[in-house]
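> turn this into a model:
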Amino acid sequence: MVIVKFIKSLEGYGITAGEQRRARPVEGGYELVENGVFVPVDYVEEIG
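Predicted coordinates for the structure are as follows:
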């Protein structure tokens with residue numbers, strides 16, 4: 001599990017740029033731990 005910081009807002013999920021969430025790395029991006037939503041790699045940067 002890693003922490004990702006959003007560099008773009010994820011519309012429809014109430015996530016704004018700058019927020020940090022726990023995620024699992026998956027092919028092509030990340031899956032948010034809290035709800036299983038797939039996030040493309042270009043929406044976030046891994047910070048830990």
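
> longest strand of this protein?
The strand that spans the most residues within the chain, counting by DSSP state E, is strand 20-26.

> which strands and helices sit next to the very next helix or strand once past that one?
Using DSSP states H and E, the next helix or strand after strand 20-26 towards the C-terminus is strand 29-32. Packed against strand 29-32 by the contact rule (3 or more C-beta pairs under 8 Å, 6 or more residues apart in numbering; DSSP states H and E) you find strand 20-26, strand 38-40, strand 44-46. C-beta here means a position set from N, CA and C on the backbone, and glycine is covered the same way.

> outside of the second one, which residues touch it?
Contact with strand 38-40 is made by 4, 6, 10, 23, 26, 28, 29, 30, 31, 32, as judged by C-beta atoms under 8 Å, 6 or more residues apart in numbering.

> which of those residues lies closest to residue 41?
Closest to residue 41 out of the contacts of strand 38-40 is residue 29 (4.5 Å), distances taken as C-beta to C-beta.
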